[in-house]
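S.K.: Pasting the sequence and the predicted model now:
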2 protein chains.
Amino acid sequence: MGKVDRKYCEALDQQDDLAFLRKEFYLAEGVINMDGNSLGALPRKTMARLSNVMEKEWGQGLIRSWADAGWFEAPVRIGNKIAKLIGAGKGEVLVADSTSVNLFKALSAAVRLNQGRPIILSDDSNFPTDLYMMQGLASFCGDSLKVKVVRPEQILNALSDEVAVLSLTQVDFKSARIKNMELITKKAHEKGVLVVWDLSHSVGSIEVDLNGAAVDFAVGCGYKFLNGGPGAPAFIFTAYRHQSAAEPILSGWMGHQDPFAFSLDYRPAPGIERFRCGTPGVLGMAALEIGVDLFEKTKMSELRKKSVRLSRLFIELMEQECGDYGFRLYSPLNDKERAGHVAFGHDEGLGIYRAIKARQIISDFRPPNVLRFGITPMYQCYQDIFEVVRAIREVMETRAWDKPEYKIRGAIT
Amino acid sequence: MGKVDRKYCEALDQQDDLAFLRKEFYLAEGVINMDGNSLGALPRKTMARLSNVMEKEWGQGLIRSWADAGWFEAPVRIGNKIAKLIGAGKGEVLVADSTSVNLFKALSAAVRLNQGRPIILSDDSNFPTDLYMMQGLASFCGDSLKVKVVRPEQILNALSDEVAVLSLTQVDFKSARIKNMELITKKAHEKGVLVVWDLSHSVGSIEVDLNGAAVDFAVGCGYKFLNGGPGAPAFIFTAYRHQSAAEPILSGWMGHQDPFAFSLDYRPAPGIERFRCGTPGVLGMAALEIGVDLFEKTKMSELRKKSVRLSRLFIELMEQECGDYGFRLYSPLNDKERAGHVAFGHDEGLGIYRAIKARQIISDFRPPNVLRFGITPMYQCYQDIFEVVRAIREVMETRAWDKPEYKIRGAIT
């Protein structure tokens, strides 16, 4: 490949079959969102939909809208739409609560299905909240349940008949490395271990085939690649074969087989609905549904293709334009092993992140030194990538990262 | 009191110091919301606020809004506002998750503080989800934890040093009867029992003084009297004195003392923030805050006064207009014992509920035979009450309740 310039990127955009999707989003003038893996962009239709939910459904419909406007069914309805993106069947996915809470539901159900085995196994590349939720659950079980955290490469060796549940995140939140879900699940099952996969950085970004890999439980996030809005509700997947035996510890009334009978004893609903707990947040559900519906305009395989092209372009441009500035590719170079973001290590990562933020390029920094750039084929164009790399080069050339105020550690900012 | 007529109700409205609050709400023409204790009305400002959150904060601000638009602090900020309505201090209330999930947090923390005591005690008038959440928690603890449910009048006698936690709902969801929170809490503490109060039917409806009653934990709902919208986030109260010892079982990253350090081990945040779990739903938070802010326009004591007047008028008018039709007052007649709704038993309750719903009066039915009418002084006027009773009378006179299709049981409708 020769030198990549703006003209080349323009040409890529002109040939892009998915370019029409960008118009579905409200994108602020002059801002490039390279953090869609933290918070996806705002779909234009979300605003109209939420206005309607507020005025017509809530304001006029009042409590009647639980039935008349489909509020009650939303967790299952939207779950069925997400199911198509992750290789799950109808009635296997429910939208509810946060990812952390859903992970707790999945872990506790899985531990109970494998009662007597004392270990929840995970690895130290997992997203921290996943580890924390395991620790919280185990802390309540005295000596009967322990969390064991090993290095990612030790997972297969750590599987044993002592392990109740293996819980991993499919895509590493720092490096974007994709784990081999099918192989790991198979190896786990050979030891009688149930698996819980966190799809937070997978869903809407890479092709996922839960049932193809015979996964037991999964959870995932609505506010990243699904563009469901800040703090959007999350989802939980429970394979059909576990649904009648899996007992929710978070046994709220919405998961009761007859919530409006108001009986004193909990009896779980027959299918995935037993993983409902409290009353679902309707505003968040409505916004998430708009984001999820956008996936019906194309195929996950097409989005993934563009995602790979965007990230490869980014890596190549970084090599071409910033090759001398000490960036180390932290993500896998192999397209098949890299999901929906590109991360670079740099000793001045925090300052660089802040300097490009000052140039209206929104990326992400993960301590101690990882710069993350989200790749979101729904609304990014190839010229965005060109602009981002140009800005990084300018920051490096002018040492714009070298400001005292950029060196102070602080949450998110 | 003589015969109450429309003129009399008109006069009450003209003298009503809180009448100005009605204008703050979007109230559909011709519809009377007598179910504000299930779902409060839509504040007008909510629509503008949500538009702003979507376009400016999410669309333009993107991930930056977690810091710049106060998203991250929202759970504590709104919690502090709710604290003022329930006699709690600054930093004792957090907005998060659903009521059911928050109850689970409170119960598990309380059980752990009182480790070794094997019983969670409640009564059979409690809202079912509260009982279900207790059952879910206990089911995970084998023989070390059991749920004991007694009749309300047996609670004080059932307190013992075997009881870890007493968990009750302050206001009965069927009858609106107010429990003596102060006395029951005192008696519980005398036996070393910790208390968890559910304020779902109290907050924004009656004056609550959690710290005056030395309550340990409480939870409550955002979508009823707080007018936070369908499925609005709920809240949790933890008394200062328990905050450093209370260990959350739902130990998500947002409750970590340094969430963005991404460390592998959970260390709870110092104060109420340890009861955060996953990422808060920003749209729901924003809507709830508008609802809560409306309470700053008056005092809880003034709202309560009007609430009592409305409900007394309702009871008197029902006696005057419908005294011959077999309604039995299911709520306490004594104003001090009755909270924010009025319930009547009637053998044809389901049909009556549906017949008045056909007349655009939205009330509620709780099996087997209870009609519930929410009293919401923020947006109800005295003439509303007159209209409702007139409609009920018309339904009874014409036997409009006696339709075959009204006799079929079905969820919510």
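M.R.: It's in.
S.K.: CA atoms for contacts and neighbours, from now on please.
M.R.: Fine.
S.K.: Just give me the neighbour total for the closest residue to residue A:4 other than its chain neighbours.
M.R.: Closest residue to residue A:4 in three dimensions, ignoring its sequence neighbours and counting by Cα to Cα, 6 or more residues apart in numbering or on different chains: residue A:317, at 7.0 Å. If you count neighbours by other Cα atoms under 10 Å in any protein chain shown, residue A:317 ends up with 20.
S.K.: For residue A:317, what are phi and psi?
M.R.: According to degrees, to the nearest 10, the main-chain angles of residue A:317 amount to phi -70, psi -40.
S.K.: repeat for residue A:92
M.R.: The phi/psi pair for residue A:92 (degrees, to the nearest 10) is phi -110, psi -10.
S.K.: check contacts around it.
M.R.: Contacts were defined as Cα atoms under 8 Å, 6 or more residues apart in numbering or on different chains; by that measure residue A:92 touches A:79, A:80, A:83, A:237, A:238, A:239, A:240, A:271, A:272.
S.K.: hmm, 6 Å instead?
M.R.: The contact partners of residue A:92, by Cα atoms under 6 Å, 6 or more residues apart in numbering or on different chains, come to A:237, A:238, A:239, A:272.
S.K.: okay, it: pLDDT?
M.R.: According to the prediction, residue A:92 has pLDDT 98.
S.K.: Look up how far residue B:379 lies from residue A:156.
M.R.: From residue A:156 over to residue B:379 the distance is 61 Å, taken as Cα to Cα, to the nearest Å.
S.K.: Give me the more crowded residue out of these two.
M.R.: Counted by other Cα under 10 Å, residue A:156 and residue B:379 do not tie: residue B:379 has more neighbours, with 23 against 13.
S.K.: excluding its backbone neighbours, what's nearest the more buried one?
M.R.: Leaving out its chain neighbours, the residue that sits closest to residue B:379 by Cα to Cα, 6+ apart is residue B:22, at 4.2 Å.
S.K.: Count the residues that sit near the one you found.
M.R.: By the other Cα under 10 Å criterion, the neighbourhood of residue B:22 contains 15 residues.
S.K.: At the contact with chain B, which residues of chain A appear?
M.R.: The interface of chain A toward chain B, taken as Cα under 6 Å from any Cα of the partner chain, is made up of A:28, A:39, A:42, A:59-60, A:63, A:98, A:100, A:128-129, A:132-133, A:136-137, A:230-232, A:249-253, A:260, A:262, A:264, A:266, A:278-282, A:411.
S.K.: which among the residues you listed end up buried?
M.R.: Applying a neighbour-count criterion of 16 or more other Cα atoms under 10 Å in any protein chain shown, the buried members of these are A:28, A:39, A:42, A:59-60, A:63, A:98, A:100, A:128-129, A:132-133, A:136-137, A:230-232, A:249-253, A:260, A:262, A:264, A:266, A:278-282.
S.K.: The residue nearest to residue A:336 when sequence neighbours are not counted: what's it in contact with?
M.R.: With sequence-adjacent residues excluded and distances taken as Cα to Cα, 6+ apart, residue A:336 is closest to residue A:178, at 7.9 Å. For residue A:178, the contacting residues are A:170, A:171, A:337, A:338, taking Cα under 6 Å, 6+ apart as the criterion.
S.K.: quick one: contacts for the first one?
M.R.: Each residue near residue A:170 by Cα under 6 Å, 6+ apart is listed here: A:178, A:179, A:199.
S.K.: and those, which of them are in strands?
M.R.: Secondary structure assignment (DSSP state E) places none of the contacts of residue A:170 within strands.
S.K.: what's the closest of those residues to chain B?
M.R.: Using Cα to the nearest Cα, the shortest approach to chain B within these belongs to residue A:199, at 15.2 Å.
S.K.: my guess is the closest one meets residue A:221, correct?
M.R.: No. Using Cα atoms under 6 Å, residue A:199 and residue A:221 do not qualify as a contacting pair, with a distance of 7.2 Å.
S.K.: ok, the two, which is more surrounded?
M.R.: Set side by side, residue A:199 and residue A:221 show unequal neighbour counts under other Cα under 10 Å, the larger going to residue A:221 at 30 against 24.
S.K.: how about low-confidence regions in chain A?
M.R.: Counting by pLDDT under 70, chain A contains low-confidence residues at A:1-2, A:410-413.
S.K.: longest strand in it, by residue count?
M.R.: When chain A is scanned for its longest strand (criterion: DSSP E), the result is strand A:163-169.
S.K.: Quick one: list the elements packing against that strand.
M.R.: The helices and strands touching strand A:163-169, judged by 3 or more Cα pairs under 6 Å, 6 or more residues apart in numbering or on different chains; DSSP states H and E, are strand A:119-123, strand A:194-198.
S.K.: Show me the strands paired with that strand, marking each as parallel or antiparallel.
M.R.: Taking DSSP bridges as the criterion, strand A:163-169 sits next to strand A:119-123 (parallel), strand A:194-198 (parallel) in its sheet.
S.K.: any shared contact partners between residue A:199 and residue A:221?
M.R.: Any residue near both residue A:199 and residue A:221 by Cα under 6 Å, 6+ apart counts here, and not one turns up.
S.K.: can you pull out the helices in chain A?
M.R.: Counting by DSSP state H, one finds helices in chain A at the ranges A:6-14, A:44-52, A:65-68, A:74-83, A:99-113, A:128-139, A:155-158, A:181-190, A:240-243, A:282-293, A:300-322, A:349-357, A:382-397.
S.K.: Span of stretch A:65-85 from start to end?
M.R.: Per Cα to Cα, the first residue of stretch A:65-85 is 28 Å away from its last.
S.K.: And the contacts of that stretch?
M.R.: For stretch A:65-85, using Cα under 6 Å, 6+ apart, the contacting residues are A:57, A:90, A:93, A:94, A:95.
S.K.: Pull the number of nearby residues for residue A:387.
M.R.: Should you count by other Cα under 10 Å, residue A:387 turns out to have 14 residues around it.
S.K.: Can you give me the distance of it to chain B?
M.R.: 18 Å (Cα to the nearest Cα, to the nearest Å).
S.K.: next one: residue A:206
M.R.: Looking at residue A:206 against chain B, where the rule is Cα to the nearest Cα, the gap reads 22 Å.
S.K.: nearest residue to that residue other than its sequence neighbours?
M.R.: In space, residue A:206 comes closest to residue A:304 once its chain neighbours are excluded; the distance is 5.6 Å by Cα to Cα, 6+ apart.
S.K.: Please list the members of the buried ones among the residues of chain A next to chain B that lie in strands.
M.R.: Taking DSSP E as the definition of strands, those contribute residue A:42.
S.K.: Stretch A:212-231: which residues count as buried?
M.R.: Within stretch A:212-231, the residues that qualify as buried are A:213-231, counting by 16+ other Cα under 10 Å.
S.K.: How far does it stretch from one end to the other?
M.R.: Terminal residues of stretch A:212-231 are spaced 29 Å apart (Cα to Cα).
S.K.: neighbouring contacts of it?
M.R.: Around stretch A:212-231, the neighbours that count as contacts under Cα under 6 Å, 6+ apart are A:36-41, A:99, A:182, A:195-200, A:204, A:232-239, A:287-288, A:291-292, B:279-282.
S.K.: who's in contact with residue A:349?
M.R.: Residue A:349 makes contact with A:369, A:371 under the criterion Cα under 6 Å, 6+ apart.
S.K.: quick one: it and chain B, what's the gap?
M.R.: Noted for residue A:349: a distance of 15 Å to chain B, by Cα to the nearest Cα.
S.K.: go on, residue A:393?
M.R.: Taking Cα to the nearest Cα as the measure, residue A:393 and chain B are separated by 23 Å.
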